[in-house]
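Undergrad: how would this look folded up:
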Amino acid sequence: MKTLVIIIHPDLKNSIINKRWIEELKKHPEKYLLHDLHSVYPDENIDVEKEKQLLETHDSIIFQFPFYWFNSPPLFKKWLDEVLTHGWAYGSKSGYKLSNKKIALSIAAGINEEDYSLTGRYKYTLEQLTAPFEVTFNYIKADYKPLFAFYGAENNATPERIEKSAHDYISFIEQL
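TA: The predicted model follows:
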């Protein structure tokens, strides 16, 4: 079964990291279904039933996005609010439709990894800053996996690092 990769990038045409990851994923159409939320919903009017159907038909789901202002793009929050509904994703009579589905985040962070540490510039790790996603996915009984990240997109995105990250990303997904 294919892995569903939900891409949430408000400016993909000017992306470096996310665009390269997508290029790598597209080399394996038999393994990955790419779903670009900003392309599908330019007006941000989410087709909730379509989204639920996509989620129900995949056992592994990756949310791929840039990390800025210490969070995800706003469309991801809107998507979570509208798609993960009571009675479908959670609740005593929901059947927990995403129960045991593998879910992970794939993040391009502009800041260097050492800045995302307890002793670094921002005093928190990326895992700590993304804890609300982990709590959300655990709440709906999904099988939340550790995140994949590219650090230093703003000042340390050398062609060699970007290329290595694209191959590492594929390996990460295959090991879920």
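Undergrad: Output the longest helix belonging to this protein.
TA: helix 159-174 (DSSP state H).
Undergrad: can you give me the helices in this protein?
TA: 17-26, 37-40, 48-56, 74-83, 126-129, 131-139, 159-174.
Undergrad: Pull the contacting residues for the residue positioned nearest the centre of the chain.
TA: Nearest to the geometric centre of the chain sits Phe63, at 1.8 Å (Cα atoms, centre = their mean). By Cβ atoms under 8 Å, 6 or more residues apart in numbering, Phe63 lies in contact with 6, 8, 72, 76, 103-106, 133. Where you see a C-beta, it was placed from the backbone N, CA and C, and this is true even at glycine.
Undergrad: switch the cut-off to 7 Å
TA: 6, 8, 76, 105-106 (Cβ atoms under 7 Å, 6 or more residues apart in numbering).
Undergrad: Would you convert these into TSV that also reports pLDDT?
TA: What follows is those, written out as TSV (pLDDT from 0 to 100):
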residue	pLDDT
Ile6	98
Ile8	98
Phe76	98
Leu105	98
Ser106	98
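Undergrad: out of those, what pair is the most spread apart?
TA: Phe76 and Ser106 (12.1 Å; Cβ to Cβ).
Undergrad: Between the two, which has more neighbouring residues?
TA: Using other Cβ atoms under 10 Å, the more surrounded residue of Phe76 and Ser106 is Ser106, with 23 against 18.
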